[in-house]
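*Asks:* What follows is a protein structure lacking sequence information:
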C-alpha cells in the first residue's frame, strides 16, 4: 500500500496520468579534458541528430592530470572569456516568447548569429545542441535555477550546459596545485603536505624517461608521443629537453597511434607512450595502422601488469595477450632497471617493424 501511494504521489507531482510513462531526465557529465576524445564527438553527433532529451553538463576547470591541449581546449577558453552573451541569451529569450511564432523564429535565429559572433562560433549548436553558458558552477543560487529550468523546459532536443569550476575548490593546497591532488598519498589536512614515500630504487617510468632522453640526444629522428599523460609515462623530461619533438595529443589514444604510424612512414622514430589499459582504446589502430603495415612504431607501455592502488581500470592485465598475437610485433618485458635501459636502446635501433616495451 505504501509503495502504491508513493507511485501515485509521484504521478501527481509530475502531472502524469495513472500508469503512464514518467518523463525521464537524462544527465551526462563530462570534463573539459575528456570532451576532446573521439568517442565524445561520436556521442554528441548521435545525440544531436536523434533529438533526444538529454542534458550534457560540461564541467570545465581547465585542469586534468596534465594541462588540456588542442583546439577544443582553446575553443572552450574562448567561450569562457566571452561572458557577455549569456545576458544576451536571457534577453532574447524573454523577448522572443512574447512575439508571434514567425517573429519568434527569426529572433531565435538572430540570437544564434549574435552569440556566434561574440564567441567565435557555436560548435555545439552545429552538432544539434542548445548551448547554455558559461555559468559559475560554484554559485548554487545561479546553477540550481538553471538546472531546474532545463529540466522543466518544454522544448525537446539535447542541451549542453557549460559550467566553470575550479579544481580543488575550497581547499587552498589543491587550488594552488590541482595536478598534485588528482590522486594523493596520506597527507596533512591542515598544511596539505603529502607523506613522502621512503626512498627506494628509481621507478621503471623514470628509468625509461631518462634513457629515452639519452637516446634522443644521439638521434634527432626520435620523437615522443603521449595521450595526456606526459608525467605518468615518464616523458615530462623528454618534453623539457626536446619540446619541438614532443607531442601530447590529449585524451586521444587512437589518434596518438595513427599519428605515430604516419611519422614512422616518413623516417622518424616515434615512441608512443601510453598506459597499458589506455592502449586498449587504440587496438584497432595498432592492428591496422601499425602491425599490418609493419611500421617501426615503438610502444612504451606503462602500468603493465597489476598496479595496486590505481585499481582495476588501470591494471594492465591484457597487453601481452593482445600484442603477442599480432603479426610483426616484438614484445619486450624487462626483469630489472638495467634491462629496461637496454630495451629502450633496442627499441630505438629497431627499424624492421613495430616493437613494444612493457
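*Replies:* Perfect, I can see it now. Note that the coordinates shown come from a computational prediction; the quantities given were computed from them, not determined experimentally.
*Asks:* so where's this structure uncertain?
*Replies:* Applying pLDDT under 70 to the chain flags the ranges 1, 4-23, 62-122, 178-183.
*Asks:* helices or strands next to the host helix or strand of residue 344 in the packing?
*Replies:* Residue 344 is located in helix 337-349, with elements delineated by DSSP states H and E. Counting contacts by 3 or more C-beta pairs under 8 Å, 6 or more residues apart in numbering; DSSP states H and E, helix 337-349 is packed against helix 204-218, strand 269-275, strand 298-302, strand 330-332, strand 355-357. For the C-beta atoms, the positions are set from N, CA and C on the backbone; glycine is no exception.
*Asks:* quick one, what contacts residue 271?
*Replies:* Counting by C-beta atoms under 8 Å, 6 or more residues apart in numbering, residue 271 touches 212, 222, 223, 224, 225, 298, 299, 300, 347, 348.
*Asks:* quick one: residue 228 and residue 253 touch, right?
*Replies:* No. With contact defined as C-beta atoms under 8 Å, residue 228 does not count as touching residue 253 (9.0 Å).
*Asks:* Switch the helices and strands packed on helix 337-349 over to TSV; also include distance to residue 145.
*Replies:* Output for the helices and strands packed on helix 337-349, formatted as TSV (distance: least, C-beta to C-beta, whole Å):
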stretch	distance to residue 145
helix 204-218	47
strand 269-275	41
strand 298-302	45
strand 330-332	56
strand 355-357	52
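*Asks:* and residue 214, how many neighbours?
*Replies:* Neighbourhood size, residue 214 [other C-beta atoms under 10 Å]: 14.
*Asks:* returning to what we had before: going by distance to residue 318, which of the contacts of residue 271 wins?
*Replies:* residue 299 (14.1 Å; C-beta to C-beta).
*Asks:* For the closest residue to the closest one other than its chain neighbours, the count of nearby residues, please.
*Replies:* Nearest in space to residue 299, with sequence neighbours left out and distances taken as C-beta to C-beta, 6 or more residues apart in numbering, is residue 356 at 4.1 Å. Close neighbours of residue 356, defined as other C-beta under 10 Å, add up to 26.
*Asks:* Which residues are in contact with residue 356?
*Replies:* Residue 356 neighbours (C-beta under 8 Å, 6+ apart): 298, 299, 301, 319, 323, 329, 330, 331, 332.
*Asks:* What residues are bridge-paired with it?
*Replies:* residue 299, residue 331 (DSSP bridges).
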